[in-house]
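Novice: Predicted model follows, preceded by the sequence.
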Amino acid sequence: MRIKLMVSEKRYSEIAKELTAKGFEIDDAAELIMSEKNVYAERIIGRRGDEIFRLKTAEISHIESFAHDVIAHCGGTEYKITERLRRLEEILDPAEFIRISNSVIVSANHIQSIKPALGQKFVLTMSDRSKTDVTRTYYYIFKEFIGI
Amino acid sequence: MATTNYFKLLMLLFIPAFIAGAATVIYLPIYKKKINSRLSQFGEKAADMKPITTPGKYFLIFCLFTVAAMALGMIIFYNAANSKKRTTLEAVDEVEFFMNARDYPTLLDKYEPGEELPGYDLNHIQKENDIEIYFYASREPGYFGFPDGLIGIVYTGSDEQYLGLDAEYSQTGVSHLGDFAGSNQFRTYEVPLKWFTFDIMNFFGELDIKVRTMKKAESPFDNDDELFTGKTAELHVKLDEEYHIEGWFDK
């Protein structure tokens, strides 16, 4: 049985050893996930073509959902993510990542500037110069999150 | 007329919105700067930070403030315009007393001395020797286009008499204006005298009115003693009492 571990770095090797001893195969691409409470992912798996990458969440500027694809923008490069946006909301650090629309999660540390727009909206310029909108639904949540 | 009033009302409502809109446009870059400054402080205690006023809220607050200021201004102006006028010094250091006989057609022809005149208070009535003198003071002295006072004279005797009026005026004790005095004489020529008007500039002194029965004068050079037919009436008026001056005299 293949299992994905989402635990703290500190305890990762200990738990991985334990599970391996019991016959589990640790695979970051596995659909079955074991996660530790109050621990947020420091890395997530991304794909580019046939290549698999372990992306540091601290380097991800924003994650967008297009139809069935979820794309993470990291260092100016796009990576396909297997997790759904809703799942990513749970595993990413809520002190750093915030959902700003039905299809976008951004990292507050990668917001370069905020521009107010008409009708309770903000236009965010990210560290990779891309722009994304905070929609009306998430307007107040975003305001409270940033503290404006 | 109704259309003009609605238009004026619309303009009145538009003014606060326009001012608030202009103020909000000025506020927009300040707001943007503030939120980006707050972004740079991200991670610090966001809960302790006072929320920044949004442009929408700013517009509403400014609009309300402008409306309140306009309303207050209108109340003050209305009160000032309708409060009892106190006679004040003219802005010039001159004293004048102008008096004229209305011996040509005027609005006053519709009134008889003693009748109520809109805008004027009948403050004195002197009846003496078949002569009646009526003194009116304007409720709004200095109101352009209307005299500050009116004097009406009537002969009530059974015989036919014409009237003449002498007015002597003097003012003393006003330090920065100096003493002021003069006189006017009015005689009947063609039209029997009935109404006199006067206007004042920094004059609230004493007015002595003497009305005499006289023959018709043929020329300004006729001797008054020869014209006089025997009856007189006098009225003494203190103009500072007629116009309710406050703190005017600097004695």
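Specialist: The structure has been received and is ready for your questions.
Novice: Show the average pLDDT along the strand or helix carrying A:Thr132.
Specialist: Assigned by DSSP states H and E, A:Thr132 falls within strand A:131-134. Averaged across strand A:131-134, the pLDDT comes to 95.
Novice: same question, stretch A:111-127
Specialist: Here the average pLDDT along stretch A:111-127 is 92.
Novice: how long is that stretch from one end to the other?
Specialist: 6 Å (Cα to Cα, to the nearest Å).
Novice: quick one: that stretch near chain B?
Specialist: Yes: Stretch A:111-127 reaches chain B (Cβ under 8 Å from any Cβ of the partner chain) through A:111, A:113-116, A:120, A:122. For glycine as for every other residue, the C-beta is placed from the backbone atoms N, C-alpha and C.
Novice: quick one, phi/psi of the one residue in chain A that gets nearest to chain B?
Specialist: Distance from chain B to each residue of chain A (Cβ to the nearest Cβ) is smallest for A:Gly147, at 3.0 Å. Dihedral angles phi and psi of A:Gly147 (degrees, to the nearest 10) take the values phi 90, psi 40.
Novice: burial measure for it, as a count.
Specialist: Residues within reach of A:Gly147, counting by other Cβ atoms under 10 Å in any protein chain shown, total 20.
Novice: per-residue confidence at it?
Specialist: 89.
Novice: ok, it touching B:Gly43?
Specialist: No: between A:Gly147 and B:Gly43 there is no contact under Cβ atoms under 8 Å: 9.4 Å.
Novice: send the alpha carbons of stretch A:52-67 over as PDB?
Specialist: In PDB, the C-alpha atoms belonging to stretch A:52-67 read as follows (Å, rounded to 0.1, in the frame of the first residue of the first chain):
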ATOM      1  CA  ILE A  52       8.400  15.500 -10.700                       C
ATOM      2  CA  PHE A  53       9.500  18.300  -8.400                       C
ATOM      3  CA  ARG A  54       9.300  18.700  -4.600                       C
ATOM      4  CA  LEU A  55       8.400  22.400  -4.400                       C
ATOM      5  CA  LYS A  56       9.100  24.400  -1.300                       C
ATOM      6  CA  THR A  57       5.900  26.100  -0.300                       C
ATOM      7  CA  ALA A  58       7.900  29.100   0.800                       C
ATOM      8  CA  GLU A  59       8.800  29.600  -2.800                       C
ATOM      9  CA  ILE A  60       5.300  29.300  -4.200                       C
ATOM     10  CA  SER A  61       3.800  32.700  -5.000                       C
ATOM     11  CA  HIS A  62       0.300  31.600  -6.000                       C
ATOM     12  CA  ILE A  63      -1.700  28.600  -7.000                       C
ATOM     13  CA  GLU A  64      -4.400  28.800  -9.700                       C
ATOM     14  CA  SER A  65      -7.100  26.300 -10.700                       C
ATOM     15  CA  PHE A  66      -8.000  26.100 -14.400                       C
ATOM     16  CA  ALA A  67     -10.800  23.600 -15.100                       C
END
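Novice: That stretch near chain B at all?
Specialist: No: using Cβ under 8 Å from any Cβ, stretch A:52-67 stays clear of chain B, with a minimum separation of 13.3 Å.
Novice: Mark which of the residues of stretch A:111-127 next to chain B are buried, thanks.
Specialist: By neighbour count, with 16 or more other Cβ atoms under 10 Å in any protein chain shown, the residues of stretch A:111-127 next to chain B hold A:111, A:114, A:116, A:120, A:122 as buried.
Novice: how about those residues in a markdown table, adding secondary structure?
Specialist: Listed next are these as a markdown table, based on DSSP: H, G, I helix; E, B strand; the rest coil:
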| residue | secondary structure |
| --- | --- |
| A:Ile111 | strand |
| A:Ile114 | strand |
| A:Pro116 | strand |
| A:Gln120 | coil |
| A:Phe122 | strand |
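Novice: Greatest separation within those: which pair is it?
Specialist: A:Ile111 and A:Gln120 (17.9 Å; Cβ to Cβ).
Novice: Show me where chain B has its helices.
Specialist: B:2-40, B:55-82, B:224-227, B:239-242 (DSSP state H).
Novice: Can you say which of the ones you listed is nearest to B:Tyr155?
Specialist: So among the helices of chain B, helix B:224-227 is nearest, using Cβ to Cβ, at 14.5 Å.
Novice: A:Tyr40 reaches A:Glu89, doesn't it?
Specialist: No: using Cβ under 8 Å, A:Tyr40 is not in contact with A:Glu89, being 10.8 Å away.
Novice: Residue 122 bridge partners, please.
Specialist: I went with chain A, as the question did not name one. A:Pro116, A:Val134 (DSSP bridges).
Novice: Oops, wrong one, chain B.
Specialist: Assigned bridge partners for B:Leu122, using DSSP bridges, are B:Tyr136.
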